[in-house]
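S.K.: Turn this into a structure:
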Amino acid sequence: MIRQGEPAINSGSDNREAGENQFFGERKMGENIQFTTPDGDQAPAYLARPAAGDSAPGIIVIQEWWGVNDQIKKTADRFAEQGYRALVPDLYRGKVTANPDEANHLMTGLDWGRATSEDLRGAARFLKSGGKVAVLGFCMGGALTILAGVHVPEVDVAVCFYGIPPAEAADPAKINIPFQGHFANQDDWCTPDAVNGLEGKLKDGGVNYELYRYDAQHAFFNESRADVYDAGCASQAWDRSLAFLKANL
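M.R.: Below is the predicted model of the structure:
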């Protein structure tokens with residue numbers, strides 16, 4: 001178990017506005033697919049494959065509240081470049097927005113229980129053919145990462161970026177797989193107090209965890225949002241995530 005705090009540079013105010021993305025080139029590794037959920041439905045997703053193909057370990061990459069946009073697809077591509085099969089389930093079924101009010105409407109309208117038991121579990125089963133499977137998500141996706149870590153038995157590793165679910169949805173003390181968390185000190189959703197509470201539950205449950213705090217703002221990893229993106233913190237979190245995944249997958 002490791003607990004660590006790291007200083008970094010503050011970068012702007014957190015208005016949670018999705019900016020125009022100027023960082024992406026043409027995607028070359030991914031395609032839109034369908035996978036089967038446990039109840040037999042077909043669910044849409046974006047899949048980025050590495051050079052190793054379907055024999056590589058898998059990562060479920062979970063969207064922010066904006067939907068499956070170019071930024072989250074590019075994040076999946078980055079994992080594919082590192083040798084993982086990266087699958088982004090489309091929890092909103094094609095809906096994408098850059099408007100915070102609409103994003104909040106989409107997030108609050110999501111059936112989180114079904115998203116976990118059907119979409120995320122189906123995604124884990126889809127990837128399981130290649131070996132171990134990790135789940136990794138951002139903001140809303142971070143909260144769903146914890147839900148998956150508690151409720152999806154096919155998941156082997158969980159990496160959470162600045163997301164905590166309601167207490168009634170999942171007890172983090174019940175996570176029985178390696179867990180890594182990345183949180184911002186300047187966050188009005190996953191506040192420092194909320195992160196302290198999360199860590200207390202992880203300790204109480206004897207969870208094998210790493211928890212990192214960054215002197216940055218919510219969504220500091222999202223390079224499409226110049227208002228909150230922090231290159232130093234993002235790079236550090238990326239390296240830590242890769243090391244954790246390599247050690248556990």
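S.K.: partner residues bridging Tyr209?
M.R.: Phe179 (DSSP bridges).
S.K.: What does the pLDDT read for it?
M.R.: Note on Tyr209: pLDDT of 98.
S.K.: Tell me the spacing between it and Phe179.
M.R.: Counting by Cβ to Cβ, to the nearest Å, the separation of Tyr209 from Phe179 is 4 Å. No exception for glycine: its C-beta is placed from N, CA and C like everyone else's.
S.K.: Can you tell me which residue is spatially central in this protein?
M.R.: Relative to the mean C-alpha position of the chain, the nearest C-alpha, by Cα atoms, centre = their mean, is the one of Gly137, at 0.6 Å.
S.K.: intersection of neighbour lists for Tyr209 and Phe179?
M.R.: Leu202 (Cβ atoms under 8 Å, 6 or more residues apart in numbering).
S.K.: So these two - more neighbours on which side?
M.R.: Phe179 (25 against 22; other Cβ atoms under 10 Å).
S.K.: show me where this protein has helices.
M.R.: Per DSSP state H, the chain carries helices over the ranges 70-81, 100-109, 112-114, 121-127, 140-151, 192-204, 231-248.
S.K.: Which of the helices and strands in the chain ranks last by mean pLDDT?
M.R.: Lowest mean confidence among the helices and strands of the chain (mean pLDDT, DSSP states H and E): strand 2-6, at a mean of 33.
S.K.: Return the alpha-carbon coordinates of stretch 144-154 using CSV.
M.R.: Only the C-alpha atoms of stretch 144-154 are listed here, as CSV (Å, rounded to 0.1, in the frame of the first residue of the first chain):
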residue,chain,number,x,y,z
LEU,A,144,-17.7,3.8,-12.5
THR,A,145,-14.2,2.4,-12.2
ILE,A,146,-14.8,2.0,-8.5
LEU,A,147,-18.2,0.4,-9.2
ALA,A,148,-16.5,-2.1,-11.5
GLY,A,149,-13.8,-2.8,-9.0
VAL,A,150,-16.5,-3.8,-6.5
HIS,A,151,-19.2,-5.4,-8.7
VAL,A,152,-17.5,-6.8,-11.9
PRO,A,153,-15.6,-10.0,-11.0
GLU,A,154,-13.9,-10.3,-14.4
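S.K.: contacting residues around it?
M.R.: With Cβ under 8 Å, 6+ apart as the contact definition, stretch 144-154 has outside contacts at 60, 62, 91, 112, 115-117, 120-121, 124-125, 128, 133, 135-137, 155, 158-160, 163-165, 169-172, 174-175, 177, 179.
S.K.: Grab the nearest non-local neighbour of Asp54.
M.R.: Gly130 (5.6 Å; Cβ to Cβ, 6 or more residues apart in numbering).
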